[in-house]
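A.B. asks: Turn this into a structure:
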Amino acid sequence: MARYTGPRARVSRRLGANIFGTKGETLALEKKPYPPGEHGRTRRRGNVSEYLLQLQEKQKARFTYGLSEKQFRRLYEEAARRPGVTGENMLRYLELRLDNVVYRAGWAATRPQARQFVGHGHVAVNGKRVNIPSYRVRKGDVISLRDKARQMIVVQWNRDVLDRTPPPWLERGDDEFAVTVRELPLREHIDVPVREQLIVELYSK
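C.D. replies: Numbers count the residues shown, from 1 in each chain. Sure, this is the predicted structure:
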């Protein structure tokens, strides 16, 4: 099952970053800036193996975008087959997931919430309802919230309070509940703190 339902702060503390984007994780990292577990305080940070660094980067990306190990491996293999830099291809495919676009547009506070919106049928692509979070959007696609979702209190709150500006590869017109994929995302447009080259090295072994 792709959706992680365990303790989120534990994952963030283990990987040293706010993975799911919640306030609770931020507080947990400030209060306990060390890995979870009985030996978390005494675990050596400096002398870690190359494999552990690679594994942690892979887990960061996997948990951030909400993929299972099987899904992530399949996406990497597709990225490796395509022309261009494998790591950048992989991040581009992750960014083009429909649930991530909903998150980037500012309609959802977190990617898990965006995934829920898509799964419940609140999102349309080019006017047609799509309820598959992993659906990959293309250049020129118009992603919008359906009428019922636009009236939801949580969506209104996210729009007014978060006030998140879409990245340069997404274009918002007069309709604040619709965005157009203006271009495919470039590496400099992706602000996820992941060193993709380490993931490529891990899977290349």
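
A.B. asks: And the helix or strand where residue 112 lies, what's buried?
C.D. replies: Assessed by DSSP states H and E, residue 112 sits inside helix 111-119. Within helix 111-119, the residues scored as buried using 16 or more other CB atoms under 10 Å are 111-118. Every C-beta, even on glycine, is put in place using the N, C-alpha and C of the backbone.

A.B. asks: now it, how far from the centre of its chain.
C.D. replies: 11 Å (CA atoms, centre = their mean, to the nearest Å).

A.B. asks: So which elements touch that helix?
C.D. replies: helix 98-104 (3 or more CB pairs under 8 Å, 6 or more residues apart in numbering; DSSP states H and E).

A.B. asks: what separates the helix it packs on from the chain centre, distance-wise?
C.D. replies: 8 Å.

A.B. asks: Return the list of helices and strands in contact with it.
C.D. replies: Taking 3+ CB pairs under 8 Å, 6+ apart as the contact cut, helix 98-104 packs with helix 86-95, helix 111-119, strand 123-125, strand 142-145, strand 178-181.

A.B. asks: If we use 7 Å, what do you get?
C.D. replies: helix 111-119, strand 123-125 (3 or more CB pairs under 7 Å, 6 or more residues apart in numbering; DSSP states H and E).

A.B. asks: Between the ones you listed, which one is closest to residue 162.
C.D. replies: In terms of CB to CB, the element of those nearest to residue 162 is helix 111-119, at 11.0 Å.

A.B. asks: what is the mean pLDDT for that closest one?
C.D. replies: Taken as a whole, helix 111-119 has a mean pLDDT of 96.

A.B. asks: what's in contact with it?
C.D. replies: If you take CB atoms under 7 Å, 6 or more residues apart in numbering as the criterion, helix 111-119 is touched by 20-21, 65-66, 98-100, 102-103, 107-108, 123, 131, 133, 149.

A.B. asks: 8 Å instead?
C.D. replies: The contact list for helix 111-119 (CB atoms under 8 Å, 6 or more residues apart in numbering) reads 3, 20-21, 64-66, 98-100, 102-103, 107-108, 123, 130-133, 135, 145, 149, 154-155.

A.B. asks: How about stretch 190-200?
C.D. replies: 17, 53-54, 57-58, 60-61, 64, 76, 80, 86-88, 90-92, 95, 167.

A.B. asks: same for the longest helix anywhere in the chain, what does it pack against?
C.D. replies: The helix that spans the most residues within the chain, counting by DSSP state H, is helix 50-65. Helix 50-65 makes packing contacts with helix 8-15, helix 69-81, helix 86-95, helix 196-204 when contacts are defined by 3+ CB pairs under 8 Å, 6+ apart.
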